[in-house]
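> Provide a 3D model corresponding to the input given below.
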Amino acid sequence: MRFHSPAIQYFHAVRRTGSIRAAARVLNVASSAVSRQILKLEQEVGSPLFERNARGLTLTTVGEMLARHVMNVLQDLDRFRSDVASLSGAWSGTVSIACIESLTESVLPDLIASHRGRARRVSFTTEVKGSSDVLESLSRGEADIGIAMALRHPPDLRQVALKRFRLGAVVAREHPLARRKTVTLEQCLAFPVINALPELSIYHLLQPLIAQLSETPEPAIQANSIDLMRELAARGVGVAFQTQLGINRLSRDGQLVFLPLDNAGSPVWSDLGIYVRAERTLPAYTDSFLQELVRELGERERRENAAYPPTS
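Down below sits the predicted model:
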């Protein structure tokens, strides 16, 4: 179903791809057709919508205003299609998710597999990003649901839920620290460590603790991949730092041991936020998945608190 002018569809594609040529490939039309529609739209609006720079085409101030309107129009169309499909008892559509890497180890695979088992006509698009990029994707209308470490979020986004998980050291089961119940950062630094690079939220959670130490040895390895750090820890290369969300399988198999970090008797918390666009009413199939996500993370939070009761 296409209820709106091709110019709106073409504008949306150029905005998302940053290029006339890339938008044409996405739309499966000639580049000249995209150019004509954008020019037509600019004439109707009476102002340029894009400007050229080293990164390609970016929106002008007027283009940003139009983009917000187009985003609402197209997302409302998705919701309308979902409502029509639900009348026949079948949901149909795509749930677009932007999330941090730790969610891809077990949380999202479990949820998507379960949801697909009940709603075969609902598909999923998932992109792994850093926390700030997750929020930006939501603001730009490139994702329906965002899952990221809790950050100050812009007013156009709404925090649906906030879940709190303990940050801990992750070591191989044969590691000398593995028998402990908790560890301090200073105890971890007596061994080779695997640190996150600044683009990961874990880096910023650890920096205040590192700043308190009188001496901080250079890390053995630095990486911007949760998966790589987890696998290196499992091989005994060093001590990594993560929440339990990203190590379920290796922990269950006995390859990794999770040791909550202790900071002067207090837990070190990692707050996980679930976000959507503030003014958007989600299609029924997207809202259904969102509620399942909130419940699942709430259950994992409850299980972790039972296993590692916070002392303060």
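> ok, which stretches of the protein are helices?
Assigned by DSSP state H, the chain shows helices spanning 6-17, 20-27, 31-45, 61-87, 107-118, 131-139, 185-188, 201-211, 226-234, 248-252, 284-307.
> Same list, those, but as CSV with distance to L177 please.
Every residue, glycine included, has its C-beta placed from N, CA and C. Formatted as CSV, the helices of the chain follow (distance: least, C-beta to C-beta, whole Å):
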stretch, distance to L177
helix 6-17, 46
helix 20-27, 49
helix 31-45, 57
helix 61-87, 48
helix 107-118, 26
helix 131-139, 28
helix 185-188, 7
helix 201-211, 16
helix 226-234, 11
helix 248-252, 15
helix 284-307, 18
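> Let me know which of these is the nearest to V170.
Nearest of those to V170, taken as C-beta to C-beta: helix 226-234 at 4.7 Å.
> and that closest one, which residues are buried?
I226, M229, R230, E231, L232, A233, A234 (16 or more other C-beta atoms under 10 Å).
> one step back: which of the helices of the chain comes out lowest on mean pLDDT?
Set side by side, the helices of the chain give their lowest mean pLDDT on helix 61-87, at a mean of 76.
> tell me the angle of it relative to helix 6-17?
Angle between the axes of helix 61-87 and helix 6-17 is 110 degrees (criterion: axes from the mean of the first three to the mean of the last three C-alpha atoms, to 10 degrees).
> what helices or strands is helix 61-87 leaning on?
helix 6-17, helix 31-45, strand 93-99, helix 284-307 (3 or more C-beta pairs under 8 Å, 6 or more residues apart in numbering; DSSP states H and E).
> could you give the angle of that helix to helix 31-45?
Going by the same axes, to 10 degrees, helix 61-87 makes 110 degrees with helix 31-45.
> If we ignore the residues flanking it in sequence, what's nearest P6?
Spatial nearest neighbour of P6, chain neighbours left out: Q37 (5.6 Å); criterion: C-beta to C-beta, 6 or more residues apart in numbering.
> May I have the residues that are in contact with that neighbour?
P6, A7, Y10, F11 (C-beta atoms under 8 Å, 6 or more residues apart in numbering).
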